[in-house]
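Trainee: Need a 3D model of the sequence below.
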Amino acid sequence: QVQLVESGGGLVQVGGSLRLSCAASGSIFSINDMAWYRQAPGLQRELVAAITSGGTRNYADSVKGRFTISRDNARKTVYLQMNSLKPEDTAVYSCTADIKEYGNRRSRQYWGQGTQVTVSS
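Mentor: Numbers count the residues shown, from 1 in each chain. So this is what the prediction gives:
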């Protein structure tokens, strides 16, 4: 059974940094796109950053120049380095990955449980 487990969230002051990690485990044949989403109270979930298996990155305009997504394919892990954090970055951050399991013809999308990031002013 495939699982995604996030870590690295917490409380940080404005201008500070955090690094989120999301590790995939289970009967994994391959991992395609990986991404981070966030959802603040009362708002819709939004894409923060995504990275393909080949390393192509995509960012929300609100985080460009401040956040960096990366992945370690050997460790089946995706990271989100967040710098120059702002109060509006406060949200629950969740990772997602398109994963093909051994024995399955198709891949499917999996989600982590989410980790809280709070930026205090």
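
Trainee: Just give the closest residue to residue 8, not the sequence neighbours.
Mentor: residue 20 (4.2 Å; CB to CB, 6 or more residues apart in numbering). Where you see a C-beta, it was placed from the backbone N, CA and C, and this is true even at glycine.

Trainee: Surely the one you found forms part of a strand?
Mentor: Yes: assessed by DSSP: H, G, I helix; E, B strand; the rest coil, residue 20 belongs to a strand.

Trainee: contacting residues around residue 63?
Mentor: Contacts for residue 63 (CB atoms under 8 Å, 6 or more residues apart in numbering) come out as 48, 49, 82, 89.

Trainee: Which positions within stretch 76-94 qualify as buried?
Mentor: 76-80, 82, 85, 89-94 (16 or more other CB atoms under 10 Å).

Trainee: got the CA positions of it in PDB?
Mentor: What follows is stretch 76-94 as a C-alpha-only set of coordinates in PDB (Å, rounded to 0.1, in the frame of the first residue of the first chain):
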ATOM      1  CA  LYS A  76      11.200   8.700  -3.500                       C
ATOM      2  CA  THR A  77      10.900  12.100  -1.800                       C
ATOM      3  CA  VAL A  78       9.800  15.600  -2.800                       C
ATOM      4  CA  TYR A  79      10.900  18.700  -1.000                       C
ATOM      5  CA  LEU A  80       9.600  22.300  -0.800                       C
ATOM      6  CA  GLN A  81      12.200  24.900   0.400                       C
ATOM      7  CA  MET A  82      10.200  27.900   1.500                       C
ATOM      8  CA  ASN A  83      12.100  31.200   2.100                       C
ATOM      9  CA  SER A  84      11.100  34.800   2.800                       C
ATOM     10  CA  LEU A  85       7.800  33.500   4.300                       C
ATOM     11  CA  LYS A  86       4.800  35.800   4.600                       C
ATOM     12  CA  PRO A  87       1.700  35.600   6.800                       C
ATOM     13  CA  GLU A  88      -0.300  34.700   3.700                       C
ATOM     14  CA  ASP A  89       1.700  31.600   3.300                       C
ATOM     15  CA  THR A  90       0.000  30.200   6.400                       C
ATOM     16  CA  ALA A  91      -1.900  27.000   5.400                       C
ATOM     17  CA  VAL A  92      -2.000  23.300   5.500                       C
ATOM     18  CA  TYR A  93       0.500  22.000   2.900                       C
ATOM     19  CA  SER A  94      -0.100  18.700   1.300                       C
END
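
Trainee: This completes my enquiry, with thanks.
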